[in-house]
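Q: Take this sequence and fold it.
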Amino acid sequence: MKNNVKMQDIADALGISKVSVSNALAGRYGVSQELRHKIEKTAVAMGYHYRHVESMACYSIGVIVSSRFVAKGESFYWEMYWELVSFLKMRGSATVFEMIKPDDEEQMILPVSLTSGKCDALIVIGKLDTSYLELMEKSFHIPIVLLDNYNNDSKLDCVVSTGYLGMYQMTEYLIQRGHSKIAFVGSIHGSSSITDRFFGYCRALTVHEIPYREDWILNDRNLDTGDIVIQDLPDEMPTAFACNCDLTAYELMRKLTGKGYRVPDDISIVGFDNYAKNQYYPIGVTTYAVNIRLMAESAANRVFQKLDKIADECDRIQIVPGEIIEKDSVKDISTFASREGSYSNQ
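A: Reported below is the predicted structural model:
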């Protein structure tokens, strides 16, 4: 029996996906007990070496995030953090959480959880300054994994959602429903996630030969505080807005409603994340759902692989797919648009 068996070999032998094999051997959700035992039995029979969850070492995992993203109660990153806590607890590991203030980054004050030596590894949720990340990497020789952010200037592993493809699909969704006048709402230098989503939007426009307009790119936040703030609407209004996140989408809806516009009758909106809860409006925003649980689990497992020095088959950047969730914020104007075009050709 060959001794370089890979997960794909086990998957092929059982006629299942490599993801199912990975989930089963790592003790993750999404696999029935019956299938898990079958995979484990096959792995042993084929000579694949892995560690049972019960025999895995217990670690203390640091989790840090900028206070800009979590300081004001409920947020997307709080939910991501709780998914991390839940999974790490299931794996028998403890979590040490710390918020990083903007002054800490600016003055290069390292996290106490690291300087105290309490952490075996670190997961960084969201964006931190590049120089601050580099200082942590040089100062502490422990595994560091970025979650919902990536940095091309470093070799740190990262787990991200498919922001580029996701926003491409959301913009395509609007185009298929007759919209060609589409604005993008998001501060494109705010994070790598927003930048990726912006490029996905641009790609969809390019494919359909729709002109890009600078006046239809709207900032959505204060980069110092992280507060969602949409200052001004365009002088010439589009028929639809593609928002980089659901919080922005609902803030835009509030602003549009205040100006007398109706969503979706007058203006259509799509969001991203499938996170924000609709408390103030009778309609939900059509959005791209990010798999927060899978992102959290992937980041944690990447940390464990590094701590246990297990040879892995993963790329440095792991991209977690999502899906479109249709709600009530988009009006199909394709029939109207085609009728309008036929009139103009007469």
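Q: From here on, just use CA atoms for contacts and neighbour counts.
A: Noted.
Q: Please report the confidence value the model assigns to Arg221.
A: The model reports Arg221 with a pLDDT of 89.
Q: oh, I was asking about Asp312
A: For Asp312, the pLDDT comes out at 57.
Q: Next, the buried residues of stretch 194-212.
A: For stretch 194-212, burial by neighbour count (16 or more other Cα atoms under 10 Å) applies to 194-205.
Q: will you turn the residues you listed into CSV that also has distance to Ile109 and secondary structure?
A: CSV is the format used below for those (distance: Cα to Cα, whole Å; DSSP: H, G, I helix; E, B strand; the rest coil):
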residue, distance to Ile109, secondary structure
Ile194, 27, helix
Thr195, 27, helix
Asp196, 29, helix
Arg197, 31, helix
Phe198, 32, helix
Phe199, 33, helix
Gly200, 35, helix
Tyr201, 37, helix
Cys202, 38, helix
Arg203, 39, helix
Ala204, 42, helix
Leu205, 43, helix
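Q: Pull the most distant pair out of the residues you listed.
A: Ile194 and Leu205 (16.8 Å; Cα to Cα).
Q: now His318, what's its secondary structure?
A: You called it His, but residue 318 is Gln. With DSSP: H, G, I helix; E, B strand; the rest coil as the basis, Gln318 sits in strand.
Q: Any idea what it is bridged to?
A: Beta bridges link Gln318 to Val159, judged by DSSP bridges.
Q: can you give me the strands for this protein?
A: For the chain, the strands defined by DSSP state E cover 60-66, 94-100, 121-125, 144-147, 157-161, 182-185, 217-218, 240-243, 268-270, 287-289, 317-320, 323-325.
Q: Tabulate those strands (JSON lines), appending mean pLDDT, mean neighbour count and distance to Arg302.
A: Conversion of the strands of the chain to JSON lines gives the following (pLDDT from 0 to 100; neighbours: other Cα atoms under 10 Å; distance: least, Cα to Cα, whole Å):
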{"stretch": "strand 60-66", "mean pLDDT": "94", "mean neighbour count": "22", "distance to Arg302": "12"}
{"stretch": "strand 94-100", "mean pLDDT": "93", "mean neighbour count": "17", "distance to Arg302": "15"}
{"stretch": "strand 121-125", "mean pLDDT": "96", "mean neighbour count": "24", "distance to Arg302": "10"}
{"stretch": "strand 144-147", "mean pLDDT": "94", "mean neighbour count": "26", "distance to Arg302": "7"}
{"stretch": "strand 157-161", "mean pLDDT": "91", "mean neighbour count": "24", "distance to Arg302": "8"}
{"stretch": "strand 182-185", "mean pLDDT": "98", "mean neighbour count": "25", "distance to Arg302": "33"}
{"stretch": "strand 217-218", "mean pLDDT": "97", "mean neighbour count": "20", "distance to Arg302": "36"}
{"stretch": "strand 240-243", "mean pLDDT": "98", "mean neighbour count": "27", "distance to Arg302": "30"}
{"stretch": "strand 268-270", "mean pLDDT": "98", "mean neighbour count": "28", "distance to Arg302": "32"}
{"stretch": "strand 287-289", "mean pLDDT": "95", "mean neighbour count": "25", "distance to Arg302": "23"}
{"stretch": "strand 317-320", "mean pLDDT": "88", "mean neighbour count": "17", "distance to Arg302": "10"}
{"stretch": "strand 323-325", "mean pLDDT": "95", "mean neighbour count": "18", "distance to Arg302": "23"}
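Q: what would these look like in JSON lines with distance to Tyr48?
A: JSON lines is the format used below for the strands of the chain (distance: least, Cα to Cα, whole Å):
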{"stretch": "strand 60-66", "distance to Tyr48": "27"}
{"stretch": "strand 94-100", "distance to Tyr48": "28"}
{"stretch": "strand 121-125", "distance to Tyr48": "26"}
{"stretch": "strand 144-147", "distance to Tyr48": "26"}
{"stretch": "strand 157-161", "distance to Tyr48": "25"}
{"stretch": "strand 182-185", "distance to Tyr48": "48"}
{"stretch": "strand 217-218", "distance to Tyr48": "51"}
{"stretch": "strand 240-243", "distance to Tyr48": "45"}
{"stretch": "strand 268-270", "distance to Tyr48": "45"}
{"stretch": "strand 287-289", "distance to Tyr48": "35"}
{"stretch": "strand 317-320", "distance to Tyr48": "23"}
{"stretch": "strand 323-325", "distance to Tyr48": "33"}
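Q: what's the neighbour count on the residue lying closest to Ala24 once chain neighbours are set aside?
A: In space, not counting the residues next to it along the chain, Ala24 is nearest to Arg36; the distance is 5.1 Å by Cα to Cα, 6 or more residues apart in numbering. Using other Cα atoms under 10 Å, Arg36 has 20 neighbouring residues.
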